[in-house]
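Engineer: Would you be able to build a 3D model of this:
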Amino acid sequence: METARLRAFVETADKGSVKAAADSLGYTPSAISQLITALEKELGITLFMRSQKGMKITAEGGEMLPLVRSYLTHEEELYTFAAELKGITKGKLTIASYPSIATTWLPEIVRRFKNDYPGIQISLMESIKSDIFHHFEQNEADLAFLAYSEPMPYEWISLTKTNIIAAVPEDHRLADAKMFPLAECENDDFIMGSWGKEMEILEILERNDVHPEIKYTTYDTPATLAMVRMGLGISFVNELSAQFWNEHLVKMPLDPPQKITFGVAFPSREHMTGASRKFLDYTLKYFEK
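Structural biologist: Coordinates of the predicted model:
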C-alpha cells in the first residue's frame, strides 16, 4: 500500500479540504484527489463525501482513520530504527567515568559492546565529578559513569550501591579493629580526593557532623592510597576504587556504615546518538546480573 495515498487521506481528513492537504504535503490539489481516489479503489470503500463545501469524511473513513495513523506511525518508527542501526555501524562514542568504574566494570561492558559493534571508536576519559560535568557542558562526552550527589543536573539511571570504607596505614592505632568509627577521623591527618572536593565523602562527613583536618588533597584514589601506605594519613574511599589495593594498608568498613550510589548520566535521552543508546542498553544488561 502506497504511503503517499495514506498520508493524503489523513491530511485531508485533518484539514477538511483537498487544497489545504495539498499545501501541507507539497502536492497539487489534483494530485491529492487522485491519491485519495486510488486509495478508495484499492480499499473498496468511500472515504469522503465530496461537495462544493469541501471533503467530509464518511463513517467508514472515520473508522479507518485511527488504523491508518497507527500504520504511518509504525512506518516512521521502522525508518527511525533503521537509521539508528546504520548510525551505530561506525562512529565515535565518548565516555567519561570515575577511575574506579573505568578499571572495574567498564572494560567488560566495552568488550561486549565491541564484539557486536566493532566499527565504533570508543574514547574513555577518566574524570572526577567536576570534570565530568564540564565534559557535558562542552559536548565532549556522550555518557558518564559516576556517583550520585545533589545537584544532579543531567538525566540519571542508578546502577548499584557500594560501601565507603576507611583506608589506614598498617601501623595505625585502629589497624586491628573490625570497623572504623566515623568520628575517629578527626584524630588523624585526612587525605581527600578530587582536589579536596569529593562530594560523596564531604556529604557523609557533613551528614554525620564530623570535621577532619584535611592535610592533603589528591586527584584520584590511587594517589590517595599511595599516600596512606606511606603513613601520611587516612582516607575514606569507595570500596570499588580500592579493591586492587591490598598490601601495606588496612581497609575496613565505617561505623556507622556508609554507602553511595553509582549510576550512568547523560545530557538528554531525546538527543542521544544510536551508539549511546545501544551502549546504555549493554550497561543495563550488565547490571541485571
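
Engineer: sec struct for His134, please.
Structural biologist: Secondary structure state of His134, per DSSP: H, G, I helix; E, B strand; the rest coil, is helix.

Engineer: which ones are touching it?
Structural biologist: Counting by C-beta atoms under 8 Å, 6 or more residues apart in numbering, His134 makes contact with Glu140. Heads up, the C-betas are built off the backbone N, CA and C, glycines and all.

Engineer: Please apply the same query to Glu184.
Structural biologist: Leu174.

Engineer: Shouldn't it be within a helix?
Structural biologist: Yes - remark: Glu184 belongs to a helix, assigned using three-state DSSP.

Engineer: ok, now how distant is it from Gly231?
Structural biologist: Distance of Glu184 to Gly231, given as C-beta to C-beta, to the nearest Å: 16 Å.

Engineer: Give me the pLDDT for the residue lying farthest from the centre of the chain.
Structural biologist: For the chain, the largest distance from the centre (C-alpha atoms, centre = their mean) belongs to Gln52, which lies 55.0 Å off. For Gln52, the pLDDT comes out at 77.

Engineer: how close does it get to Gly61?
Structural biologist: Distance, Gln52 to Gly61, using C-beta to C-beta: 19 Å.

Engineer: Glu140 too?
Structural biologist: Glu140 sits 52 Å away from Gly61, going by C-beta to C-beta.

Engineer: Between those two, tell me which one has more neighbours.
Structural biologist: Just comparing Glu140 and Gly61: by other C-beta atoms under 10 Å the higher neighbour count belongs to Gly61, 22 against 14.

Engineer: so what's that one closest to, chain neighbours aside?
Structural biologist: Leaving aside its chain neighbours, Gly61 sits nearest to Leu47 (3.8 Å; criterion: C-beta to C-beta, 6 or more residues apart in numbering).

Engineer: Angles on the backbone of the one you found, please.
Structural biologist: Dihedral pair for Leu47: phi -90, psi -30, per degrees, to the nearest 10.

Engineer: mind listing what it touches?
Structural biologist: Neighbour list for Leu47: 9, 36, 39-40, 57-58, 60-61, 64 [criterion: C-beta under 8 Å, 6+ apart].

Engineer: and of those, the nearest to Asp255?
Structural biologist: The shortest approach to Asp255 among these belongs to Met64, at 69.4 Å (C-beta to C-beta).

Engineer: That closest one - how many residues pack around it?
Structural biologist: 21.

Engineer: how close does it sit to Gly16?
Structural biologist: Distance from Met64 to Gly16, counting by C-beta to C-beta: 17 Å.

Engineer: same question, Lys259
Structural biologist: 61 Å.

Engineer: Next: Gly61.
Structural biologist: According to C-beta to C-beta, Gly61 and Gly16 sit 13 Å apart.

Engineer: With adjacent residues omitted, what lies nearest to Leu25?
Structural biologist: With C-beta to C-beta, 6+ apart as the criterion, Leu25 has its nearest non-adjacent residue at 5.6 Å, and that residue is Glu11.

Engineer: dump the residue contacts of that neighbour.
Structural biologist: Counting by C-beta under 8 Å, 6+ apart, Glu11 has contacts 20-21, 24-25, 32.

Engineer: Can you lay out these as a markdown table showing distance to Arg69?
Structural biologist: Formatted as a markdown table, the contacts of Glu11 follow (distance: C-beta to C-beta, whole Å):
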| residue | distance to Arg69 |
| --- | --- |
| Ala20 | 18 |
| Ala21 | 15 |
| Ser24 | 15 |
| Leu25 | 15 |
| Ile32 | 18 |
